[in-house]
Every structure is written in C-alpha cells, then in structure tokens.
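Chemist: Generate coordinates for the sequence data below:
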Amino acid sequence: MAATPQNTERSTVAGGAQRSRSMPSRVVPPIELPASVDELARAAAAQLGWNGIVLPETTILGRKVCVVAKLRTDVHAERIAMGAGPVADRATVDTWTWPELAGTAPAPAAEIVGVLAVARHWRTAMASAVPFARYGEAAMVLPSPAVLTEDYVGNCLPRARAYGLAVVTADPNAVVDLDLEGRTERVVLAEDPVSRLVNELVYDHLLRTAEVPASLD
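Modeler: Coordinates of the predicted model:
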C-alpha cells in the first residue's frame with residue numbers, strides 16, 4: 001500500500017534526524033611543534049639568556065627535558081685523576097649526602113643553568129618542568145597557538161607563576177618569544193640526593209656530547 005503524504009513526511013524527517021545524528025563532529029587538528037624539540041630548546045635558552053650547552057632532550061626522573069649546563073672543568077679534571085666518572089646508580093649517590101660519607105663524595109662536575117620542557121600542551125610541559133624548578137631555573141616551551149586559550153590564561157599562568165616557571169612561545173615559523181618571566185625570588189631547595197643524582201646524569205650527558213671532552217690533557 002502506498003504511504004500517505006503525512007507518513008512520507010514523517011519518515012523523511014525521522015530519516016534525516018537519524019542521518020544528522022550519525023554525522024561525525026568536526027575534528028580539530030592537534031597543535032604541533034613548529035620545529036624539533038632540540039631546535040626550540042636552543043632558541044628558548046638564547047631567549048632566556050641561559051649561557052651553556054643545550055643538551056639534546058633526554059629523560060631524567062621520568063621527565064623528558066632539555067638541560068642547559070656547563071662542565072666544571074676543574075672538578076672534571078680532578079674526578080678523572082681520581083677515576084671517579086659519572087655515577088648513575090641512585091643508591092650509591094644517596095650515600096653521598098650521609099654525614100659520615102659527605103667528605104669523601106666527589107664534587108658535582110656539572111653546573112646546571114636551567115631545565116627546559118618542550119611540549120605541545122602546557123600540562124605536559126609543566127609536569128616535566130616542575131620537579132626541576134625546586135632546584136633552579138626551569139621553563140616551558142610551547143607553540144604559540146597553545147597559549148591563546150582560556151585554559152592557558154586561567155589555569156596555566158597562575159600555576160606557572162606559583163612554581164616560578166618561565167614560559168617561552170614559538171610561533172608557526174619557530175620564532176620564539178618570552179611570554180612569562182620566571183620568578184627569581186622563589187625558595188630553592190638545598191643539595192639533596194635527588195639534586196646530586198640529577199647532576200651526575202647531566203654530567204654523563206655532557207661527556208656524551210661532541211662539545212665536551214671526555215678527558216683532559
């Protein structure tokens with residue numbers, strides 16, 4: 001039996017509604033970094049005025065970061081003479097802060113200028129940078145579209161100020177700019193087993209780069 005005009009209209013409307021419900025929502029492409037992590041880290045370090053070797057991105061304390069550091073050549077030479085290279089064993093490094101062993105522990109051979117966390121989103125960068133902000137300078141490097149949001153203004157900036165983090169942005173052409181200066185008056189923790197371990201890992205990372213000799217004549 002042929003459908004009445006009324007039934008045809010109802011069927012058409014119902015079918016259209018079903019089709020509209022099955023339409024996929026517009027997919028927003030993720031924000032991408034405008035250049036490599038290491039390239040952005042070098043540009044950010046220069047923008048921040050951090051003088052030192054910008055080491056390639058590595059994982060320290062479970063966080064992906066780029067460390068800006070210098071080799072303390074006098075300490076390095078002394079440690080070579082003593083046969084005391086970088087120590088990555090956490091249990092061993094922990095003993096260096098014990099009062100009875102502090103006098104025999106090797107001196108820190110790396111000077112850490114600052115730590116950079118390069119990421120597409122501020123939450124990822126902040127999670128990586130905050131553990132190092134307790135011991136010195138730390139900064140986040142973000143693509144500029146990531147900072148043009150209410151989430152960044154309302155949630156990121158207050159936290160970054162509280163932790164003393166600097167924020168550097170990179171536009172689509174990888175040109176960097178300082179969006180937030182780091183807070184210099186924050187309380188920095190004294191040397192402890194964690195900071196000594198980080199220093200040893202950075203020392204080892206320095207020696208593995210082409211810019212730093214593994215031995216001195």
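Chemist: Would you mind listing the buried residues in stretch 37-57?
Modeler: 37, 40-45, 47-48, 50, 52-55, 57 (16 or more other Cβ atoms under 10 Å). No exception for glycine: its C-beta is placed from N, CA and C like everyone else's.
Chemist: So which of these sit within helices?
Modeler: Using DSSP state H, 37, 40, 41, 42, 43, 44, 45, 47, 48 are the members of the buried residues of stretch 37-57 that sit in helices.
Chemist: if I pick the second one, what's in contact with it?
Modeler: The reference is to residue 40. 33, 34, 118, 141, 170, 174, 176 (Cβ atoms under 8 Å, 6 or more residues apart in numbering).
Chemist: what's the answer for the fifth one, then?
Modeler: The contact partners of residue 43, by Cβ under 8 Å, 6+ apart, come to 35, 170, 174, 176.
Chemist: residue ranges of the strands in the protein, please?
Modeler: 53-54, 58-60, 63-71, 110-118, 138-143, 166-170, 176-180 (DSSP state E).
Chemist: Tabulate those strands in a markdown table, adding columns for mean pLDDT and distance to residue 131.
Modeler: Listed next are the strands of the chain as a markdown table, based on pLDDT from 0 to 100; distance: least, Cβ to Cβ, whole Å:
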| stretch | mean pLDDT | distance to residue 131 |
| --- | --- | --- |
| strand 53-54 | 96 | 19 |
| strand 58-60 | 97 | 9 |
| strand 63-71 | 97 | 6 |
| strand 110-118 | 97 | 9 |
| strand 138-143 | 98 | 9 |
| strand 166-170 | 97 | 16 |
| strand 176-180 | 97 | 19 |
